[in-house]
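> Please find the sequence and the predicted model below.
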Number of protein chains: 4
Amino acid sequence: MNVGIIGATGYGGVELIRLLENHPAFHVKEVYSSSQEGEELSNSYPHLVHKNLVLKSIDPIEIKKEVDLVFASTPSGVSSKLIPSLIDAGIKVVDLSGDFRLKDKSLYEKWYKKEGADADYLSKATYGLSEWFQEDIQNSDFVSNPGCYSTATLLGLAPLMVEGIIDESSIIVDGKSGVSGAGRSHSPLTHFSEMNENLKIYKVNEHQHIPEIEQTLSCWSGQVKPITFSTHLVPMTRGIMTTIYATIKEDCETEHIHKKFTKHYEDCKFVRVREKGTFPFTKDVVGSNYCDIGISYDERTRRITVVSVIDNLVKGASGQAIQNANLMMGLEEDAGLKIVPIYP
Amino acid sequence: MNVGIIGATGYGGVELIRLLENHPAFHVKEVYSSSQEGEELSNSYPHLVHKNLVLKSIDPIEIKKEVDLVFASTPSGVSSKLIPSLIDAGIKVVDLSGDFRLKDKSLYEKWYKKEGADADYLSKATYGLSEWFQEDIQNSDFVSNPGCYSTATLLGLAPLMVEGIIDESSIIVDGKSGVSGAGRSHSPLTHFSEMNENLKIYKVNEHQHIPEIEQTLSCWSGQVKPITFSTHLVPMTRGIMTTIYATIKEDCETEHIHKKFTKHYEDCKFVRVREKGTFPFTKDVVGSNYCDIGISYDERTRRITVVSVIDNLVKGASGQAIQNANLMMGLEEDAGLKIVPIYP
Amino acid sequence: MNVGIIGATGYGGVELIRLLENHPAFHVKEVYSSSQEGEELSNSYPHLVHKNLVLKSIDPIEIKKEVDLVFASTPSGVSSKLIPSLIDAGIKVVDLSGDFRLKDKSLYEKWYKKEGADADYLSKATYGLSEWFQEDIQNSDFVSNPGCYSTATLLGLAPLMVEGIIDESSIIVDGKSGVSGAGRSHSPLTHFSEMNENLKIYKVNEHQHIPEIEQTLSCWSGQVKPITFSTHLVPMTRGIMTTIYATIKEDCETEHIHKKFTKHYEDCKFVRVREKGTFPFTKDVVGSNYCDIGISYDERTRRITVVSVIDNLVKGASGQAIQNANLMMGLEEDAGLKIVPIYP
Amino acid sequence: MNVGIIGATGYGGVELIRLLENHPAFHVKEVYSSSQEGEELSNSYPHLVHKNLVLKSIDPIEIKKEVDLVFASTPSGVSSKLIPSLIDAGIKVVDLSGDFRLKDKSLYEKWYKKEGADADYLSKATYGLSEWFQEDIQNSDFVSNPGCYSTATLLGLAPLMVEGIIDESSIIVDGKSGVSGAGRSHSPLTHFSEMNENLKIYKVNEHQHIPEIEQTLSCWSGQVKPITFSTHLVPMTRGIMTTIYATIKEDCETEHIHKKFTKHYEDCKFVRVREKGTFPFTKDVVGSNYCDIGISYDERTRRITVVSVIDNLVKGASGQAIQNANLMMGLEEDAGLKIVPIYP
């Protein structure tokens, strides 16, 4: 099957190229870019010097002829304008931007401070949290890939919500991310000399993944309340850890909660629930599509702490996008994604 | 005034040497070590090669002859055995270990899993959170220096507690520390190849600073409940950030809360409350004795987020120890500590 | 084909497991360890938690029954004692240690300061610099895998030596390595707080890869003289860069030299010679088996500067070991190694 | 004495503010900027939030009224236009840019690819390598502060040149720098995600410090030949290491060479020659004005290896600038610079 990548000059794009190198069914036929058409991709990314990929302009009619599915790794605000024509041309799409995640256009405009996508297309998009909406994804031609923080947070909260274990008004998420999540455009925030040996907090209760998380939590419980959510930049390139705090509704034991997690995820190839009392580190998943989860319950405070780690560019972006494309195309969910984390 | 440093071979010890280099009143007369007596300190720390400091053995009688005050930078479990004899010899002491922080010996033994210090000496120790117990410290001959996480957390929580703004049962502290907090002894946790490009969580609800924080919060409110507290190792050498979450008791505005902070800290030379809506990064205080604080209130959730940053080795250890010694000796609180953070 | 890994608890061992995950012909049947037999490997390496690998003791007779080829990733000084019995048992071996690289036992003992391997077995070992001794490797049952610095240096120098371009007495190699090259045992040198934000030089003209490089250079020229060689630890986990300086024998042009490099490496799948005037960075090859090379000639000084980068754990260890095993087994040289570098 | 800082918004400028905080004689009266006049400096640098420094425009007449000496921390190409009017106004100047270092204007234009400064003013500038041109500096009103690589290289080479120990045509300098040397303007080269975990080589034999080094070497020997010089960016913020290689003229012993170094630097407060066989690491000098030097001689190759480390922002820029200003003003050379390196 031929696939194309739009927005191949961003980190999500080159990560797709890396991951698809050994995919048994998908072949990266073309890479597209609106700004660098005609250029060798390796001019921007010398690590790809052996690949000879030349960026093509974005023309839905031509794309339709060349590929069966497109990964759109364009920024928020660009996807909303670009993707409708691809859908109309009958191309299957996995969109990695935030433009089609929120079903409520006004919510998008409030949090993203940009014009939202057309409502018709919003309604066509399937939210691609692979482990929890597998059937929907299998039946979809257009998947909106979840945000990186959202993926880590939702995989950590889902069993608690589904099982009704926690007080829905008590959720606090302390998110920490490697700097690659901020993309390739350089800014004072990501200048090496000032990001190195530094820990930064940003977008306290203002991150655009908040409404995405709340919308998805509502699928699992009717009682969802606003969550507290803050995000930090950690001086490392890859990795997200979300440390999640919530109060339990009724007395219980760690054992009980831990079992719910292992049961919910026992058939999931990419979620590894750690043994009771042990927690994952971000490096344990780098380069791979795994989400590793640790759980602990504290009797003193009646609160649960859930720790969920992913590689923000893999399970938090390009890896999950491929997982979704696999599901859409009727392939094995882990086709091309049987990757051992790179360690150390 | 002559001062001595016991345990000069640890990071707290060499940081005292750095900070005291330009102190107007304190002169580092001797450095002591129980394990490396007779050795040049610069064998272990070549950056001190110009200082010609030779480690002496620890003999209270001799120490009394040589110095007026001792900084004890020995590990927990060692200070409790060593310091009583120094006190008995009439030496003023600032102890940087955790051995004399908890008034309740059984609490120490529960959290530190070691035998606690003698109760008589516990009662003599003044808790050295300089900004909030200044008078006690000025009148004390024996100060127990606060823990690094405790300092950042308590300075962030104090105005909220004193003013009765937050629900005491709602406190959640997400702590993040640079790796120097783990000291100089190497372990798998601090091995470069596995700590670099990694974010680690540890001691979830089990950190020994928890009872220290709870004990101090009780000074400010009669309603204190157990807190949720987790700690993370960030791939950087210096810096602590605590992100603190709490629910307000009554409706209020950010403006109101922010004013309480600025008022409480207006005469404090080392606490810098940031403007409303802005947050400090750890690098903003590295090398200095500052604690920078940012506050934000979220109407959606009725929760406050307080961010407090310090250099774990300065305000979190050696800097605050000097601040306390200044107070004990009747000097200006900031003598020798007028240091601009090293940036970038 | 079943393969086994001896010394699976080191970084070379786990890297073999990562790389072999998608190998089309090799299946990691067993992992062996002399010190942790019976243990789950994931106890030491949680990133492998899904693999369920249990360490077995090392018994040549049993190993012979279980696998066709063994990768020995044991430390220098251990391989020399272990491998003869494997060879005698008729097992094919790729040894990643330094024990069988030097043909002259006394040279080994001088530079490694350990007892050398038995001369009979030394003579059986084929030096596995894949690109230059391909035929020998194809016909060998026992390959000694080159050192990491040696690989980068030799691939950078080979065309210059073979073509007789440089004065053999003028070679200076300034090597820089990520810290994973120092292995997993922690030491003051690799303690995070002191290795981070630090650049260290070590083993100036004393590195054990010096005689290995000189021995191999002698294969290409009869005029080889002692080289100047120093090594630095860079605060990063993976990657080696060698910056090589040498004086040309006769006037020439960059163009001419560059062509020699491209010609020599045109059929090599893992050597990417960069365009004239451009140089590779270490990150361009991380996670992959590539060696990227840049060349520049300076008319002012009549000296050539060659820059050669590899991932020390891949082309500098486990990747080249697999490349050699592929050759020994008659497989495609790049079987299982078609890996795009992980970037960023 | 009042001093001013022009170009206070760069790293050199804020480092001057840090270092001058405790200077016994210099008081930072004003900070100037051509681009951000009227702004609070702490808007750009929150770590200075307690200082209340407002940037003023650059008017030589006004500056003359306000300060006795100016540190010009403006970029190359700006200083050449700005400084003549300051000189004409009778203000003493230490210029941290490269604009007045090369006596030969055409050489400047060749290497900097910019228009050079007026020859009259070039001839007035004293080259401020403090340890070697102390008297000239003491008698000067206008000092051109050396480049960071130049300082490390020249302090490492000077005793060898002065003593005629090495073959002047054999010098090879492998320079490695932390990223702060690239300044505050962000670029792809200094983007965190791509500079982190990466080692980059740049400006091979094209660095503008080459002619500066060669010009200064000529002060010590009539036989100076072009040097080979390459520069690398190391993933750390501060620190420079130059690894210098040269062939000796006549047989000698390490002992002999080492003695020459210790003798030449015995009265220098900021040069610490390490014991024979030991080498400094960059972290040993971070935050301080020290230059630490290690030397080794290799009999096999008849080559010397000299390792010289500095903090690029201190001895490589602002620290040496203050050292020079001290000399110009008849103060103790180390006034305000008695700083212990920050470690770890």
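Alright, I've got the coordinates.
> List the contacts of A:Ser42.
The contact partners of A:Ser42, taken as Cβ atoms under 8 Å, 6 or more residues apart in numbering or on different chains, are A:48-49, A:51-53. Where you see a C-beta, it was placed from the backbone N, CA and C, and this is true even at glycine.
> A:Gln223: what's it in contact with?
Taking Cβ under 8 Å, 6+ apart, we find A:Gln223 in contact with A:168-169.
> now with 10 Å?
With contacts taken as Cβ atoms under 10 Å, 6 or more residues apart in numbering or on different chains, A:Gln223 has the following neighbours: A:161, A:164, A:167-169, A:217.
> How about A:Gly178?
With contacts defined as Cβ under 10 Å, 6+ apart, the neighbours of A:Gly178 are A:148, A:233-241, A:282, A:286, A:311-313, A:316, B:197-199, B:235, C:344, D:192-193, D:196.
> among those residues, which are in strands?
Among the contacts of A:Gly178, DSSP state E puts A:233, A:240-241 in strands.
> I'd like these laid out as a markdown table, including pLDDT.
As requested, the ones in strands among the contacts of A:Gly178 are exported to a markdown table (pLDDT from 0 to 100):
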| residue | pLDDT |
| --- | --- |
| A:Leu233 | 98 |
| A:Ile240 | 98 |
| A:Met241 | 98 |
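> of those residues, buried ones?
Of all the ones in strands among the contacts of A:Gly178 considered here, the ones buried according to neighbour count by 16 or more other Cβ atoms under 10 Å in any protein chain shown are A:233, A:240-241.
> A:Asn326 - that's part of a helix, no?
Yes. In this structure, A:Asn326 lies within a helix as judged by DSSP: H, G, I helix; E, B strand; the rest coil.
> Now do the residue nearest to it when sequence neighbours are not counted against B:Gln323, distance only.
Counting by Cβ to Cβ, 6 or more residues apart in numbering or on different chains, A:Asn326 lies nearest to A:Ala335, which is 4.9 Å off, once chain neighbours are set aside. According to Cβ to Cβ, to the nearest Å, A:Ala335 stands 61 Å off from B:Gln323.
> More neighbours: which of those two?
Neighbours per residue, other Cβ atoms under 10 Å in any protein chain shown: of A:Ala335 and B:Gln323, the larger number sits with B:Gln323, 29 against 18.
> What is the strand or helix carrying the more buried one packed up against?
With elements delineated by DSSP states H and E, B:Gln323 resides in helix B:319-328, which encompasses its position. The contact analysis (3 or more Cβ pairs under 10 Å, 6 or more residues apart in numbering or on different chains; DSSP states H and E) places helix B:319-328 against strand B:2-6, helix B:11-20, strand B:69-72, strand B:92-95, strand B:126-127, helix B:134-138, strand B:142-144, helix B:148-162.
> which element follows the last one toward the C-terminus?
This points to helix B:148-162. Reading on from helix B:148-162 to the C-terminus, the next helix or strand found by DSSP H and E is strand B:172-177.
> who's A:His191 bridged to?
D:His191 (DSSP bridges).
> tell me the pLDDT at it?
A:His191 is assigned a predicted lDDT (pLDDT) of 97.
> residues in contact with it?
Listed by Cβ under 10 Å, 6+ apart, the contact partners of A:His191 are B:344, D:179-180, D:182-187, D:190-192, D:195.
> Which ones among the contacts of A:Gly178 map onto helices?
Using DSSP state H, the subset of the contacts of A:Gly178 located in helices is A:148, D:192-193.
> Most neighbours among the residues you listed, which one is it?
Going through the ones in helices among the contacts of A:Gly178 with other Cβ under 10 Å as the criterion, the one with the most neighbours is D:Phe192, at 29 neighbours.
> Name the nearest of the buried ones among the ones in strands among the contacts of A:Gly178 relative to chain B.
Distance to chain B, by Cβ to the nearest Cβ, is smallest for A:Met241 among those, at 5.1 Å.
> my read: that closest one touches A:Thr305, true?
No. Between A:Met241 and A:Thr305 there is no contact, the gap being 11.9 Å when judged by Cβ atoms under 10 Å.
> which residues does A:Val78 contact?
Taking Cβ under 10 Å, 6+ apart as the criterion, A:Val78 is in contact with A:6-7, A:34, A:72, A:97, A:99, A:114.
> nope, A:Gly175 is what I was after
By Cβ under 10 Å, 6+ apart, the neighbours of A:Gly175 are A:148-150, A:152-153, A:181, A:203, A:207, A:209, A:229-232, A:240-244, A:308, B:174.
> go with 8 Å
Contacts here follow Cβ under 8 Å, 6+ apart; on that basis A:Gly175 touches A:149, A:152-153, A:207, A:229-232, A:240-243.
> mind checking pLDDT for the residue of the stretch 201-344 of chain A found nearest chain D?
With Cβ to the nearest Cβ as the measure, the residue in the stretch 201-344 of chain A that lies nearest chain D is A:Thr237; the distance is 5.0 Å. Reading off the per-residue confidence, A:Thr237 sits at a pLDDT of 98.
> swap in the one 5 residues further on?
According to the per-residue confidence, A:Thr242 scores 98 in pLDDT.
> What residues are bridge-paired with it?
Each beta-bridge partner of A:Thr242 is listed here: A:Gly175, A:Ser308, as defined by DSSP bridges.
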